[in-house]
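A.B. asks: following is a predicted model, sequence given first.
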Amino acid sequence: MSELSTMPINKEIDARGSFCPGPLMELIRGIKSLPVNGVLAVLSSDLGSIRDIPAWVGKAKHEMVGTIQEQGYTRFIVRKLH
Amino acid sequence: MQERMSIIVFSGTVDTLLAASILTTGAAAMGMEVEVFLTTWGLEAFRKGNYQTNMKVSKDYEEYASIMMEQMRKKKVPSWMENFQGAREIGDVKIYACSMTMELFDMKLDDLESIVDDVTGVASFVERAKEGTTLFI
């Protein structure tokens, strides 16, 4: 967990307060502008994201590096693979 | 083969359009090919400018209409139109108008929001929809 929380992030998207499927949409849009191997953090307070974001990352064949449960939201860390 | 979701949008109320638009977005995000077939009140909702003034909800829940609109505004929930636009940006989404409704309501493609791709008949729609999942909303 400490490794995950200190991981260098290339881009952070704060989608807290945005509703399903908003955070996922912001992730999909945000990952486009990232170079391959870039790391993106998405912050979401939408409970649907907990399953939706890893499902999309798997389907889109990127890497779900990890999730950190914070107070009232989740931080999703994704590496762009292609 | 790409997975496919076909959604028949019959209702033109904000609550059902919101559900249809979110399903469209989710399916598009997951790489599915999505086709939306707008018919009757669902098509009327796509008449130019209508989405900006439409505040109807399903009859069974009409007493909640003002609360729902207020909550959507307060929580900045994207409108169903914004969801459909977003879905098109990220995925393979086609939106077709039912030709029979167009006749019935004296509509031309120009009368509809530009998000509507084209006009189609029901037979070609069901022919394409038989591959995959079909929803009626």
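C.D. replies: That came through fine.

A.B. asks: interface residues of chain B facing chain A?
C.D. replies: Residues of chain B lying close to chain A by C-beta under 8 Å from any C-beta of the partner chain are B:22, B:25-26, B:29-31, B:75-78, B:83, B:86, B:89-90. (C-beta placed from N, C-alpha, C; glycine too.)

A.B. asks: recalculate using a threshold of 7 Å.
C.D. replies: Within reach of chain A by C-beta under 7 Å from any C-beta of the partner chain, chain B has these residues: B:Ile22, B:Thr25, B:Gly26, B:Ala29, B:Met30, B:Gly31, B:Lys75, B:Val77, B:Pro78, B:Gly86, B:Ile90.

A.B. asks: isn't the first one up against A:Leu24?
C.D. replies: What that stands for is B:Ile22. No: taking contacts as C-beta atoms under 7 Å, B:Ile22 lies outside contact range of A:Leu24: 10.7 Å.

A.B. asks: who's more crowded, these two?
C.D. replies: Per other C-beta atoms under 10 Å in any protein chain shown, whichever of B:Ile22 and A:Leu24 has more neighbours is A:Leu24, with 27 against 20.

A.B. asks: how about low-confidence regions in chain A?
C.D. replies: Residues of chain A meeting the criterion pLDDT under 70: A:1-2.

A.B. asks: thinking again about what came up before, quick check: the farthest pair among the residues of chain B next to chain A?
C.D. replies: The distance between the two most remote of the residues of chain B next to chain A (C-beta to C-beta) is 28.6 Å, for B:Gly31 and B:Lys75.

A.B. asks: okay, those two: which has more neighbours?
C.D. replies: Neighbours per residue (other C-beta under 10 Å) separate B:Gly31 from B:Lys75, with B:Gly31 holding more: 14 against 10.

A.B. asks: grab the nearest non-local neighbour of that one.
C.D. replies: Counting by C-beta to C-beta, 6 or more residues apart in numbering or on different chains, B:Gly31 lies nearest to A:Lys59, which is 5.9 Å off, once chain neighbours are set aside.

A.B. asks: check the gap between that neighbour and B:Thr120 for me.
C.D. replies: If you measure A:Lys59 against B:Thr120 using C-beta to C-beta, to the nearest Å, the figure is 28 Å.

A.B. asks: let me see the ranges of the helices in the chain.
C.D. replies: Here I'm looking at chain A. A:2-5, A:22-32, A:49-59 (DSSP state H).

A.B. asks: sorry, I should have been clearer: chain B.
C.D. replies: B:14-29, B:41-44, B:50-53, B:65-74, B:80-90, B:99-104, B:122-129.

A.B. asks: so can I have TSV of these showing mean pLDDT?
C.D. replies: Below are the helices of chain B laid out as TSV (pLDDT from 0 to 100):
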stretch	mean pLDDT
helix B:14-29	97
helix B:41-44	98
helix B:50-53	95
helix B:65-74	94
helix B:80-90	96
helix B:99-104	96
helix B:122-129	93
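
A.B. asks: can I get the ones you listed in a markdown table including distance to A:Ile13?
C.D. replies: Listed next are those as a markdown table, based on distance: least, C-beta to C-beta, whole Å:
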| stretch | distance to A:Ile13 |
| --- | --- |
| helix B:14-29 | 15 |
| helix B:41-44 | 33 |
| helix B:50-53 | 27 |
| helix B:65-74 | 22 |
| helix B:80-90 | 15 |
| helix B:99-104 | 40 |
| helix B:122-129 | 35 |
